[in-house]
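1. quick one, structure for this:
(chains A and B)
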Amino acid sequence: MKKFNLKKLALLVFTIIIFINPLYSAESGDLLKVKWSFKSLTGKFDRASLQRGFQVYKEVCSSCHSMQYLSYRNLGEPGGPEFSKEEVGIIAASIEIEDGPDSQGEMFARPGRPSDNFKSPYPNVNAATAANGGAYPPDMSVLVKARPGGADYIYSVLMGYEEPPAGMSLEDGVYYNKYMIGNKIKMASPLSDGIVEYTDASEATVDQMAKDVTTFLAWAAEPELEARHKTGIKVIIYLILLSILVYFSMKKIWSRIDSKV
Amino acid sequence: MSDHEYTPKSKAGKWFNDRLPLLTLRSHLSAYPTPKNLNYWWTFGGILTFCLLTQIITGVVLAMHYVAHADLAFASVEHIMRNVNYGWLIRYIHSNGASMFFLAVYIHIFRSLFYGSYKSPREVIWITGLLIYILMMATAFMGYVLPWGQMSFWGATVITSLFSAIPLVGESITTWLWGAYAVDNPTLNRFFSLHYLLPFLILGLVILHIWALHVPGNNNPIGIEIKKPSKDTVPFHPYITIKDIFALLMFMIIFAGFVFFSPNVLGHSDNYIPANPLVTPSHIVPEWYLLPFYAILRSVPDKLGGVILMFGSIFVLFALPWLDRSKVRSAIFRPIYRYFYWIFFANVLMLGYMGAMPAEGTYLLLARVGTTYYFLHFIVILPSLSSLEKTDPVPMSISEPVLSSGAESSLAKKDNEKI
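-> Residues are numbered from 1 along each chain as shown, chains lettered A, B, ... in the order given. This is a model prediction of the structure:
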């Protein structure tokens, strides 16, 4: 067994990883860093935070931002906000969905079902763009994965509204944001203290809401995260045990000849 | 291949084997005499076979759920991630598998460069290997286009536009490749078709690659010809198979680390934004494994020149067995080549880094120096070393250094002993 080679291999892999990492996160500079519960190897989402985050999304974000790849049923699935079956039914039913055509060829409205996808606030991208001063409010389904810095970036932007520095003039409908790339954003600060009324005891501060909704968006982008972490641990433990067995078999087999492995 | 006669014991086996000698092949593969001093750098052939099969199996499953249409591709990928049972696992294995495949192939290629495995009589192994590598790059590039995110779209635009640099017919060729006047649905469709086809061509080439390997047999860390079979060799099974399996498991642990704990770190976040022909990303970068070539492409101010150098940087590798004429294969016995080898290795890493950076200022300057050195290495340094370098004495057999120093030819030990 030549440790040297494996060490060298590990070193190579390591070099490549640290070499690649900064390349793709180069723009994420000095974001606010939050200790997210879902970041570590065994990370999980905070259930209560997800439920509050959904409330913020529903009452604030969803008036402009779509989330078209999620279905209402996802809200009740393991690893997510885990609303009860009844709650999911109520959430879905509170939305009016256009369906059809029926047998007469007419479109009709019906209450939403858990199997429906999240209803978008605008019929299409152009309508959304036109209604928002020429800036399309991006679909939020995979937003966390679509920004360098991920959850930290979303949180930072939500917290990054400030008065523009002296000498910087902004047109109408453009706002200054410390963390937005280019520092200009067409979305007015969406959060203000008490804008939602949490059903649990938490206080709806901007910081709390920003954390909750970011957690919710992180789950929306990676609903498989908890299952992935759990399976990952098992897979790696299995591989390590198997390699120990294989290692000793290998030693045994190679002991038959006058050469070392 | 027929240095040992094999007769199946059973009557049925004999009957079948006389008509299609599969059992002879099996026996050949299992008894195949392999140098006993192969180190872990030699396990990447098996690892690469694993990578190819993994990509094919996960890819076939993904294709069952993917929709190759400009309006639906992005949504179908999200469908795979959210609604298909274990779709996220299959897709993450496939997307990270591409990176792992390239990681392994680069180690495999650099192993060959260090130990001179491309030299006579193994030129054809080297050439089939390069063809596999080229097909891999084409396959990976087209695969990256399929999710139809921003980097997919703009990557496809940049790479296909390269062909427009060809004088006279360039524009027509580009239009022909696109199937439209820009990268659009027809482009996506044909990329999907080819992305499904090429891996099977790779598989065919892999068979030729292994066949070509089995004619002269493996090179080995000290790079000498050995008698086969002899005291210097072991049968492939079980000695090499068990060692390959062990190395493969180590590789799989790293692979699983990416898939389960960091599945998007090797990709670009922009590719989770649906393709938009009206918005150009702030900078367009290819996947990490293509970065050195991207750096070479951009280091030339002239588009056609850049394209020629980029393709040239790959094609020059085909001439390598004839550029490096040194009789000694392994860098262990080539004191000067060894230094140039590591400089070359560092240079490729540097080019990769420059490929990810914007092409301006110091970055551009370094990319140009790196590009020049890349070609210098092959066209000037290697041919001159062939005649100028005074190589160290080469042992007569594998058993000799093993007995005299009690060490195998691991790089470090030899490096220290040399001086």
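2. residue ranges with poor pLDDT in the stretch 301-419 of chain B?
-> Along the stretch 301-419 of chain B, the parts satisfying pLDDT under 70 run over B:401-419.
3. and the residue of it nearest chain A?
-> The nearest approach of the stretch 301-419 of chain B to chain A comes at B:Ala356, 4.1 Å away (CB to the nearest CB). Glycine gets a C-beta too; all of them are placed from N, C-alpha and C.
4. now the host helix or strand of B:Leu130: buried residues?
-> Using DSSP states H and E, B:Leu130 sits within helix B:123-145. Residues of helix B:123-145 classed as buried: B:124-145 (neighbour count, 16 or more other CB atoms under 10 Å in any protein chain shown).
5. repeat for stretch B:379-398
-> Buried residues in stretch B:379-398, defined by neighbour count with 16+ other CB under 10 Å: B:381-382, B:385, B:389, B:391, B:394-395, B:397-398.
6. from the residues you listed, which ones fall inside helices?
-> B:382, B:385 (DSSP state H).
7. quick check: the farthest pair among the buried residues of stretch B:379-398?
-> Distances among the buried residues of stretch B:379-398 were taken as CB to CB; the most separated pair is B:Ile381 and B:Ser397, at 30.8 Å.
8. residue of chain B closest to chain A, please.
-> For chain B, CB to the nearest CB, closest residue to chain A: B:Phe260, 2.6 Å.
9. how near is B:Pro35 to B:Tyr337?
-> In this view, B:Pro35 and B:Tyr337 are 21 Å apart by CB to CB, to the nearest Å.
10. kindly report the same for B:Ala138.
-> Distance from B:Ala138 to B:Tyr337, by CB to CB: 31 Å.
11. now swap in A:Gly232 and tell me
-> A:Gly232 is 42 Å from B:Tyr337, where distance means CB to CB.
12. tell me the centre residue of chain A?
-> A:Ala218 (1.9 Å; CA atoms, centre = their mean).
13. can you pull the residues of the stretch 151-261 of chain A lying near chain B?
-> Taking CB under 8 Å from any CB of the partner chain as the measure of proximity, the stretch 151-261 of chain A contacts chain B at A:181, A:221, A:223-224, A:228-229, A:231-233, A:235-236, A:239-240, A:242-243, A:246-247, A:249-250, A:253-254, A:257-261.
14. export only the CA atoms of stretch A:152-168, formatted as CSV.
-> Extracted C-alpha coordinates of stretch A:152-168, given in CSV (Å, rounded to 0.1, in the frame of the first residue of the first chain):
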residue,chain,number,x,y,z
ASP,A,152,-26.4,34.5,1.4
TYR,A,153,-26.9,36.6,-1.7
ILE,A,154,-30.7,36.6,-1.5
TYR,A,155,-30.5,37.5,2.2
SER,A,156,-28.0,40.2,1.6
VAL,A,157,-30.1,41.8,-1.2
LEU,A,158,-33.1,41.8,1.1
MET,A,159,-31.1,43.5,3.8
GLY,A,160,-29.0,45.7,1.5
TYR,A,161,-31.4,48.6,0.8
GLU,A,162,-29.8,51.9,1.8
GLU,A,163,-29.8,55.5,0.8
PRO,A,164,-27.7,55.9,-2.3
PRO,A,165,-24.2,57.3,-1.6
ALA,A,166,-23.8,61.1,-2.2
GLY,A,167,-23.4,61.9,-5.8
MET,A,168,-25.2,58.9,-7.1
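15. give the buried residues for it.
-> Buried positions in stretch A:152-168, judged by neighbour count with 16+ other CB under 10 Å: A:152-161.
16. which residue does chain A bring closest to chain B?
-> With CB to the nearest CB as the measure, A:Gly232 is the residue of chain A nearest to chain B, at 2.6 Å.
17. where does the chain dip in pLDDT?
-> Just so you know, I chose chain A. Across chain A, the ranges flagged by pLDDT under 70 are A:1-29, A:259-261.
18. wait, chain B
-> For chain B, the ranges with pLDDT under 70 are B:1-4, B:401-419.
19. nearest the geometric middle of it, what residue?
-> For chain B, by CA atoms, centre = their mean, the most central residue is B:Val105; offset 3.2 Å.
20. B:Met136 is in contact with that one, correct?
-> Yes. Because the distance of 6.5 Å satisfies CB atoms under 8 Å, B:Val105 is recorded as touching B:Met136.
21. between the buried residues of stretch A:152-168, which sits nearest B:Thr157?
-> Proximity to B:Thr157 was ranked across the buried residues of stretch A:152-168 by CB to CB; first place goes to A:Tyr153, at 26.1 Å.
22. surely the closest one touches A:Leu31?
-> Yes. Applying CB under 8 Å, one finds A:Tyr153 in contact with A:Leu31, separated by 5.6 Å.
23. hang on, the earlier thing: out of the buried residues of stretch B:379-398, flag the one nearest to A:Ala135.
-> B:Ile381 (54.3 Å).
24. state the distance from the closest one to A:Gly182.
-> For B:Ile381 relative to A:Gly182 (CB to CB), the value is 46 Å.
25. swap in A:Ala48?
-> Note on A:Ala48: its distance to A:Gly182, by CB to CB, is 35 Å.
26. between these two, which one's more packed in?
-> A:Ala48 (15 against 7; other CB atoms under 10 Å in any protein chain shown).
27. SS state for that one?
-> When classified by DSSP: H, G, I helix; E, B strand; the rest coil, A:Ala48 comes out as helix.
28. OK, contacts around it?
-> Counting by CB atoms under 8 Å, 6 or more residues apart in numbering or on different chains, A:Ala48 touches A:200, A:202.
29. return the list of helices and strands in contact with the strand or helix carrying B:Gly352.
-> Element membership for B:Gly352 (DSSP H and E) is helix B:335-356. Contacting helix B:335-356 under the criterion 3 or more CB pairs under 8 Å, 6 or more residues apart in numbering or on different chains; DSSP states H and E are the following elements: helix A:3-24, helix B:87-115, helix B:291-299, helix B:361-376, helix B:382-388.
30. closest one to B:Phe311 among those helices?
-> Closest among those, using CB to CB: helix B:291-299, at 8.9 Å.
31. can you give me the helices in the stretch 51-200 of chain A?
-> For the stretch 51-200 of chain A, the helices defined by DSSP state H, counting those that start in this stretch cover A:85-93, A:125-131, A:150-159.
32. with distance to B:Met350 added, can I get these in TSV?
-> As requested, these are exported to TSV (distance: least, CB to CB, whole Å):
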stretch	distance to B:Met350
helix A:85-93	54
helix A:125-131	42
helix A:150-159	29
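33. circling back: now distance to B:His65 too, for the helices and strands packed on helix B:335-356, in TSV please.
-> Shown next, in TSV, are these (distance: least, CB to CB, whole Å):
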stretch	distance to B:His65
helix A:3-24	27
helix B:87-115	7
helix B:291-299	30
helix B:361-376	40
helix B:382-388	48
